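Student: Just need the structure, nothing else, for what follows:
(one chain, ligands or ions: 1)
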Amino acid sequence: MSFMTMTLRSTPLADGFRMPGEFEPHRGCWMLWPERTDNWRDEARPAQRAFAAVARAIGRFEPVTVGASAAAYAGARAVLDASIRVVELTSDDAWMRDVGPTCVLDRRGEVRGVDWRFNAWGGFNGGLYAPWDRDEQVAGKVLEVERFARYRAPMVCEGGAIHSDGAGTLLVTEQCLLNPNRNPRLGRKRIESLLLAYTGARKIVWLGDGVFGDETDGHVDNLACFAAPGVVLLAGCDDPRDPQYRISADAYARLMDERDARGERFRVHRLPMPGPLRSTAREAAGVRKNVDAKRRRAGERLAASYVNFYIANGGVVMPLLDRKTDAAALAVLRKAFPHRKVVGVAAREILLGGGNIHCITQQIPRGAAA
Ligand code: KQY
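Tutor: Here you go, the predicted structure:
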């Protein structure tokens, strides 16, 4: 028996594999440990406490594994609950959604992983840091630990740029996936056919822009996601003076006009928009400057969204972002997920790093036991 992850030359679609919905059963969840002091303030300590709280909340529902570098391992082990598995795994930052594998599943329950090309959300054309070579290796390493075969996709993509309903539909944004800083040599048609080939989906539903100010160039996982096939949660905005208003209205209109892969219309639950939230002078001052990483400036609007939650087995772990809107968001999520326990985790420290709970997690589908 070989323990080396096999890299397959075919595609998930050709082999009868599909990307399941996040709401389908999980084997567990992977995360990474934050330590970049040029992205996480105050030596990354507040972010580490927030990540540990997310791991603890998800750990109530399913097994969690956290990858930490050799240098950070002992600290991570000390802060994370004993029930969380910590493995040595070096990365450039801590966004497992984007650098981890996108898992696909076949009818017999075999799980395999798609390893997208990663360029730190835009490479040298607006990307967030350089280098990113250690991030590039994360998906392959996770697949090796999980003993899953790997598909190496010939395009730049991040896990946060795609949502699947598990029934043939993929939700994406034009702002991100057609951005020239991802796949400048590929046109819309080729991008569509590669996305379908590597997720096993049959139809792509294109939204326009992502959340206002989202430094990922508008990842869909901050704007909209599936609660079930045909059921979408969307970041809403009620203030016509807010630049988010047009973005949310456009996404809603597109969803109303569209059908999913089964030919069904979408039912859309709108989540409230927190804030608008901005970073404070104290928060920005706690981040070390580095010419090779995006600068964090005081007063910048944060791309805050309640859509950036994680669906676990029997649970939903949502970001708490704004006392004025948290309860209303919780109520929407409870209604959309009547059979799951919705748990909130204080998430401002994650938001300050440019993402949220969905961005720092990656589920592994349960599949059938190997
Ligand atoms: O949206 C995500 N999936 C990740 C956010 C990454 C932000 C990097 N600073």
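
Student: just checking, what packs against the helix or strand of the chain with the lowest mean pLDDT?
Tutor: Here the helix or strand of the chain ranked lowest by mean pLDDT, DSSP states H and E is strand 7-8, holding a mean of 95. When contacts are defined as 3 or more CB pairs under 8 Å, 6 or more residues apart in numbering; DSSP states H and E, strand 7-8 packs onto strand 150-156. From N, CA and C alone the C-beta is placed, and that goes for glycine too.

Student: residues in contact with whichever residue of the stretch 101-250 of the chain sits closest to the ligand?
Tutor: Per CB to the nearest ligand atom, residue 160 is where the stretch 101-250 of the chain lies closest to the ligand, at 2.4 Å. When contacts are counted by CB atoms under 8 Å, 6 or more residues apart in numbering, residue 160 touches 95, 97-98, 216, 219-222, 355, 358-359.

Student: Next, count neighbours for the spatially closest residue to residue 186 that is not a sequence neighbour.
Tutor: Leaving aside its sequence neighbours, residue 186 sits nearest to residue 155 (CB to CB, 6 or more residues apart in numbering; 6.4 Å). By other CB atoms under 10 Å, the residues close to residue 155 number 17.

Student: Up against the ligand, what does this protein have?
Tutor: Taking CB under 6 Å from any ligand atom as the contact definition, the chain meets the ligand at 95, 97-98, 128, 160, 215-216, 219, 221-222, 353-355, 359.

Student: at 8 Å instead, please
Tutor: 39, 93, 95, 97-98, 121, 128-129, 158-161, 214-216, 219, 221-222, 294, 308, 353-356, 358-360 (CB under 8 Å from any ligand atom).

Student: Residue 67 touches residue 30, doesn't it?
Tutor: Yes: counting by CB atoms under 8 Å, residue 67 touches residue 30, with 6.9 Å between them.

Student: shaky segments in the protein?
Tutor: Scanning the chain for pLDDT under 70 picks out 1-3, 369-370.

Student: how close does residue 12 get to residue 198?
Tutor: Separation of residue 12 from residue 198 (CB to CB, to the nearest Å): 6 Å.

Student: related to what we said a few turns ago, so what strands line up beside the least confident helix or strand of the chain?
Tutor: Applying DSSP bridges, strand 7-8 is found paired with strand 150-156 (parallel).

Student: What residues of the partner strand count as buried?
Tutor: 150-151, 153, 155-156 (16 or more other CB atoms under 10 Å).

Student: Show residues contacting that strand.
Tutor: Residues contacting strand 150-156 (CB under 8 Å, 6+ apart): 5-8, 10-12, 101, 104, 112-119, 123, 139-140, 143, 182-183, 186, 191, 194-195, 198.

Student: CA-only coordinates of it in PDB, if you can.
Tutor: Coordinates of each C-alpha in strand 150-156 appear next as PDB, following Å, rounded to 0.1, in the frame of the first residue of the first chain:
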ATOM      1  CA  ARG A 150      -5.700  14.500  -5.500                       C
ATOM      2  CA  TYR A 151      -6.800  16.300  -8.600                       C
ATOM      3  CA  ARG A 152      -4.500  19.200  -9.400                       C
ATOM      4  CA  ALA A 153      -6.800  21.800 -11.100                       C
ATOM      5  CA  PRO A 154      -5.100  23.800 -13.900                       C
ATOM      6  CA  MET A 155      -6.600  27.100 -12.700                       C
ATOM      7  CA  VAL A 156      -6.300  29.600  -9.900                       C
END
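
Student: I'd like the next helix or strand past it.
Tutor: The first helix or strand that comes after strand 150-156 along the chain, using DSSP states H and E, is strand 163-164.

Student: Now do the helices in the stretch 251-370 of the chain.
Tutor: 281-285, 326-336, 348-352 (DSSP state H, counting those that start in this stretch).

Student: hang on, the earlier thing: just checking, next helix/strand downstream of the least confident helix or strand of the chain?
Tutor: Following strand 7-8 in sequence, per DSSP H and E, is helix 12-15.

Student: That next one packs against which elements?
Tutor: Right, helix 12-15 is packed against strand 111-117, helix 188-199 by 3+ CB pairs under 8 Å, 6+ apart.

Student: ok, the residue nearest to residue 96 when sequence neighbours are not counted - how many residues close by?
Tutor: Leaving aside its chain neighbours, residue 96 sits nearest to residue 362 (4.5 Å; criterion: CB to CB, 6+ apart). For residue 362, the neighbour count with other CB under 10 Å is 29.

Student: OK, contacts around residue 362?
Tutor: Contacts for residue 362 were tallied using CB under 8 Å, 6+ apart; they are 29-31, 96-97, 100-101, 142, 159.

Student: Of these, which pair is most distant in space?
Tutor: 31 and 101 (13.6 Å; CB to CB).

Student: contacting residues around the helix or strand hosting residue 143?
Tutor: Assigned by DSSP H and E, residue 143 belongs to helix 138-146. Here helix 138-146 makes contact (CB under 8 Å, 6+ apart) with 3-5, 30, 32, 65, 67, 87, 89, 91, 96, 99-101, 111, 113-116, 118, 149-150, 362, 364.

Student: and the angle from it to strand 150-156?
Tutor: In terms of direction (axes from the mean of the first three to the mean of the last three CA atoms, to 10 degrees), helix 138-146 departs from strand 150-156 by 170 degrees.
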